[in-house]
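Q: okay, here's the prediction I keep looking at, along with the sequence it came from:
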Amino acid sequence: GNSVTQMEGPVTLSEEAFLTINCTYTATGYPSLFWYVQYPGEGLQLLLKATKADDKGSNKGFEATYRKETTSFHLEKGSVQVSDSAVYFCALSVKGATNKLIFGTGTLLAVQP
Amino acid sequence: DAGVIQSPRHEVTEMGQEVTLRCKPISGHDYLFWYRQTMMRGLELLIYFNNNVPIDDSGMPEDRFSAKMPNASFSTLKIQPSEPRDSAVYFCASSRDRGSNQPQHFGDGTRLSIL
């Protein structure tokens, strides 16, 4: 079946630290991969996506590379800010299926000044 | 562009009452999804529609839950009778029907508290 596994949170960092949130997946077919972010009291927002192997998605200083060989899509940012504090969700959807997304459990990031 | 609009933002009601949550998807989007989010269970897909037709309702927890989409611009999720364990944040999301790389756009959710 299809599934997404994310690292457990919370992740607590100081401002300007380097961020990595690990995400691995299992999928039948060729998935598209997504990172969504949820700020307190809001819905999920698309942060970035990648639709095929070796693609790199990027947005707001965040990056993630679609690694087929390791079935991973780790989220990285070189220098986090307090405003990046949120819950981050990794997700996949499988080509040939519907637009249904399979979400990971989410990782809470807390950035301290 | 207007995003996905959900109402109400907050609902507090007593056990046994009927609850109706509303969603207006983004114009032109063919898919509509209802999710439930709790601390214990995370984000759960309840049901989704394509072109107003329910495609998969396997995530609906029990018969007390029902969802409808009478037209392309409106959907409801109803709980009758409500129970305290239904307390959660309910999200609606929509997306275009152009392949699996289309992102879902989420509303801000309805925070439901059943006393």
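A: All right, it came through fine.
Q: tell me the centre residue of chain B?
A: Residue closest to the mean C-alpha point of chain B, counted by CA atoms, centre = their mean, is B:Trp34 at 3.0 Å.
Q: what's the average pLDDT for stretch A:29-48?
A: Mean pLDDT, stretch A:29-48: 92.
Q: ok, the residue of chain A found nearest chain B - contacts?
A: Closest contact between chain A and chain B, by CB to the nearest CB, is at A:Gly43 (3.4 Å). Backbone N, C-alpha and C define where each C-beta goes, glycine included. Shown in contact with A:Gly43 (CB atoms under 8 Å, 6 or more residues apart in numbering or on different chains): B:4, B:91, B:93, B:106-109.
Q: mind listing which of those residues are in strands?
A: Among the contacts of A:Gly43, DSSP state E puts B:91, B:93, B:106 in strands.
Q: so how far is stretch B:52-66 from its chain's centroid?
A: 10 Å (CA atoms, centre = their mean, to the nearest Å).
Q: and what of stretch A:37-57?
A: That offset, for stretch A:37-57, works out to 6 Å (CA atoms, centre = their mean).
Q: buried residues in that stretch?
A: Along stretch A:37-57, these residues count as buried under the neighbour rule (16 or more other CB atoms under 10 Å in any protein chain shown): A:37-38, A:43-44, A:46-51, A:57.
Q: over to stretch B:82-94?
A: Per 16+ other CB under 10 Å, stretch B:82-94 contains these buried residues: B:82, B:86, B:88-94.
Q: stretch A:2-9 now?
A: Residues of stretch A:2-9 classed as buried under the neighbour-count rule (16+ other CB under 10 Å) are A:2, A:4, A:6-7.
Q: near chain B at all, that stretch?
A: No - on the criterion CB under 8 Å from any CB of the partner chain, stretch A:2-9 is out of touch with chain B, staying 10.3 Å away.
Q: the strands in the chain, which residues?
A: I'll assume chain A. Under DSSP E, chain A gives strands at A:3-6, A:11-14, A:19-21, A:23-26, A:31-38, A:44-50, A:56-59, A:62-65, A:75-77, A:86-94, A:102-103, A:107-112.
Q: oops, I was thinking of chain B
A: Under DSSP E, chain B gives strands at B:5-7, B:10-13, B:19-24, B:31-38, B:42-50, B:53-56, B:65-71, B:74-79, B:88-95, B:105-106, B:110-114.
Q: and of these, who's closest to A:Cys23?
A: When the strands of chain B are compared by CB to CB, strand B:42-50 sits nearest A:Cys23, at 14.5 Å.
Q: and the closest one, how far from the chain's centre?
A: From the chain centre to the centre of strand B:42-50 is a distance of 7 Å (CA atoms, centre = their mean).
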